[in-house]
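S.K.: Fold the following for me, if possible:
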Amino acid sequence: MSASGIEQGESSEAGEPGLRRALALAGDGGPLGRAEAEVLLQARGDDLAELLGYAQRDRDAGLAAAGRPGVITYSKKVFIPLTRLCRDRCGYCTFATVPGRLESMYLSPDEVLEIARQGARLGCKEALFTLGDRPEARWKQAREWLDAHGYADTLSYVRAMAVRVLEETGLLPHLNPGVLTYQDFQRLKPVAPSMGMMLETTSARLFETRGAAHFGSPDKDPKVRLQVLRDAGRSNVPFTTGILIGIGENLAERADAIVALGDIQREYGGIQEVIVQNFRAKPDTKMRDTPDAELADLAATIAVTRLVLGPQARVQAPPNLVGGEHRLMIDAGIDDWGGVSPLTPDHVNPERPWPQLDELAALTAAAGFTLRERLTVYPEYLGRPSWLEPSVAAHVAALADPATGLADEAAVVRGRPWHEPAALSR
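M.R.: Alright, predicted model coming up:
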């Protein structure tokens, strides 16, 4: 296998001449629609190498335009699994569990702050709040816990804990509470510089078909999730999203999801990064016997995502899910490794540990790039008042390198006062 993970001299199994025409369009920098994206997803061998070359060209042009040529970024973070209860029943998930397996339905404030304080001592700057969708809608134990502790709903508790983390540790909250309404965005925006939710797929089939990955999961309706992405843009919230490949979608459905992300980004501008994540089977799940997504398939999907969204897009692949093929992911056009924690495991994929940061820097350097730490909100959104609330702007500025907008790795991570916006305090 070559340095980029592709056997040279192989020919693609995808049909001709559609693939050649699609590659020629990609090479000319032309717009790619669903049909072209679907064809390009099939590229393998020499065709894949050519596709990856075009994606690299676009990625490198985008980094140069952003003022950080040759830089691949990551965010140094801690995971805060606020609750592992969820009202959805996804066929691949090991994060969500049932009340009987938990000592407490939610982490306590002291537990939240202890995780954040340990992260601050290690130089982390992001507190990733991860949790299930509206667990109180399914589990009476969640509703009882919230009532006993004085919170109207899970999002009220998320908001309160984000404020505590800002004030007492200085870490920047990045909120992943699942499906949010437009009103939810207004409530949470003053306490977090960024938020996120994976689109995963636009396949209604996987949502509607008994036994499919998203059957029985009301929050995985693709129409609902696409509306969340639009509302994030309407609310001027820097938003992280992405797709999950290998969960039963076909290539036409995968292409549709990629193009949908591009359409929403062009209309609203709120998608700050796109994660392209590969399915990895886990024990004790309905999909435990489903084959893992192949890494060549992942590389083709990253490249197509890069070409559809364009040079200005930020595209990420989780470094703990790609085996030893980090070089292949870089060659496919990523410019970010996502959040990496020196403290907490990946609670969504706990069986796959993060690479050490020194190791990740060496792997990145071997591909000809420099690894740099970023904040949870990307530099492109700093200095834009409509995208960053005054209530968190000072917290972000305290950790940002004023020259680049990336993280100031020498910054002291400490708590700072937070003030309720006047419009919400009345």
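
S.K.: Can you list the low-confidence ranges for the stretch 201-350 of the chain?
M.R.: Applying pLDDT under 70 to the stretch 201-350 of the chain flags residues 345-350.

S.K.: where along it do the strands fall?
M.R.: Assigned by DSSP state E, counting those that start in this stretch, the stretch 201-350 of the chain shows strands spanning 239-245, 271-278, 315-316, 336-340.

S.K.: want to throw the ones you listed into JSON lines with distance to Val228?
M.R.: Yep, even glycine has a C-beta here, placed from its N, CA and C like the rest. Formatted as JSON lines, those follow (distance: least, CB to CB, whole Å):
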{"stretch": "strand 239-245", "distance to Val228": "9"}
{"stretch": "strand 271-278", "distance to Val228": "11"}
{"stretch": "strand 315-316", "distance to Val228": "19"}
{"stretch": "strand 336-340", "distance to Val228": "20"}
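
S.K.: out of these, nearest to Asp60?
M.R.: When the strands of the stretch 201-350 of the chain are compared by CB to CB, strand 315-316 sits nearest Asp60, at 12.5 Å.

S.K.: Tell me which other helices or strands the closest one touches.
M.R.: Applying 3 or more CB pairs under 8 Å, 6 or more residues apart in numbering; DSSP states H and E, one finds that strand 315-316 contacts strand 271-278, helix 295-309, strand 336-340.

S.K.: now the shortest one against strand 271-278, angle please.
M.R.: The reference is to strand 336-340. 80 degrees (axes from the mean of the first three to the mean of the last three CA atoms, to 10 degrees).

S.K.: still on that earlier bit, output the strands of the stretch 201-350 of the chain as JSON lines; include the columns mean neighbour count and distance to Val158.
M.R.: Listed next are those as JSON lines, based on neighbours: other CB atoms under 10 Å; distance: least, CB to CB, whole Å:
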{"stretch": "strand 239-245", "mean neighbour count": "24", "distance to Val158": "16"}
{"stretch": "strand 271-278", "mean neighbour count": "24", "distance to Val158": "20"}
{"stretch": "strand 315-316", "mean neighbour count": "24", "distance to Val158": "23"}
{"stretch": "strand 336-340", "mean neighbour count": "23", "distance to Val158": "17"}
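
S.K.: So for His214, which of those sits nearest?
M.R.: When the strands of the stretch 201-350 of the chain are compared by CB to CB, strand 239-245 sits nearest His214, at 10.3 Å.

S.K.: one step back: list just the one of the strands of the stretch 201-350 of the chain that sits closest to Glu103.
M.R.: Nearest of the strands of the stretch 201-350 of the chain (CB to CB): strand 336-340, 26.1 Å.

S.K.: Contacts for the helix or strand just after the closest one next, please.
M.R.: Once strand 336-340 ends, the next helix or strand along the chain (criterion: DSSP states H and E) is helix 357-366. For helix 357-366, the external contacting residues (CB atoms under 8 Å, 6 or more residues apart in numbering) are 72, 74, 76, 319, 326-327, 330, 337, 340, 342, 355, 370-371.

S.K.: starting at the chain centroid, how far to helix 357-366?
M.R.: Relative to its parent chain, helix 357-366 has a centroid offset of 21 Å by CA atoms, centre = their mean, to the nearest Å.

S.K.: now it: mean pLDDT?
M.R.: Averaging pLDDT along helix 357-366 gives 95.

S.K.: angle of it against strand 336-340?
M.R.: Orientation check (the same axes, to 10 degrees): helix 357-366 against strand 336-340 gives 180 degrees.

S.K.: Show me what the longest strand seen in the chain is packed up against.
M.R.: The strand that spans the most residues within the chain, counting by DSSP state E, is strand 71-83. If you count contacts as 3+ CB pairs under 8 Å, 6+ apart, strand 71-83 packs onto helix 109-121, strand 126-131, helix 154-168, strand 336-340, helix 357-366, strand 370-374.

S.K.: Mean neighbour count, these: which tops it?
M.R.: strand 126-131 (a mean of 26; mean count of other CB atoms under 10 Å).

S.K.: which secondary structure elements does that strand contact?
M.R.: strand 71-83, helix 109-121, helix 154-168, strand 172-176.

S.K.: what do you get if the cut-off is 7 Å, keeping everything else the same?
M.R.: Under the contact criterion of 3 or more CB pairs under 7 Å, 6 or more residues apart in numbering; DSSP states H and E, strand 126-131 touches strand 71-83, helix 154-168, strand 172-176.

S.K.: Would you mark the buried spots in the first one?
M.R.: Meaning strand 71-83. 71-83 (16 or more other CB atoms under 10 Å).

S.K.: Any chance of JSON lines for those, columns pLDDT and distance to Ser217?
M.R.: Formatted as JSON lines, the buried residues of strand 71-83 follow (pLDDT from 0 to 100; distance: CB to CB, whole Å):
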{"residue": "Val71", "pLDDT": "98", "distance to Ser217": "37"}
{"residue": "Ile72", "pLDDT": "98", "distance to Ser217": "33"}
{"residue": "Thr73", "pLDDT": "98", "distance to Ser217": "32"}
{"residue": "Tyr74", "pLDDT": "97", "distance to Ser217": "30"}
{"residue": "Ser75", "pLDDT": "97", "distance to Ser217": "28"}
{"residue": "Lys76", "pLDDT": "96", "distance to Ser217": "32"}
{"residue": "Lys77", "pLDDT": "95", "distance to Ser217": "26"}
{"residue": "Val78", "pLDDT": "95", "distance to Ser217": "27"}
{"residue": "Phe79", "pLDDT": "94", "distance to Ser217": "22"}
{"residue": "Ile80", "pLDDT": "97", "distance to Ser217": "23"}
{"residue": "Pro81", "pLDDT": "96", "distance to Ser217": "19"}
{"residue": "Leu82", "pLDDT": "98", "distance to Ser217": "19"}
{"residue": "Thr83", "pLDDT": "97", "distance to Ser217": "17"}
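
S.K.: Redo those as JSON lines? Include distance to Pro173.
M.R.: Below are these laid out as JSON lines (distance: CB to CB, whole Å):
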{"residue": "Val71", "distance to Pro173": "25"}
{"residue": "Ile72", "distance to Pro173": "24"}
{"residue": "Thr73", "distance to Pro173": "19"}
{"residue": "Tyr74", "distance to Pro173": "18"}
{"residue": "Ser75", "distance to Pro173": "12"}
{"residue": "Lys76", "distance to Pro173": "14"}
{"residue": "Lys77", "distance to Pro173": "10"}
{"residue": "Val78", "distance to Pro173": "11"}
{"residue": "Phe79", "distance to Pro173": "12"}
{"residue": "Ile80", "distance to Pro173": "9"}
{"residue": "Pro81", "distance to Pro173": "14"}
{"residue": "Leu82", "distance to Pro173": "11"}
{"residue": "Thr83", "distance to Pro173": "15"}
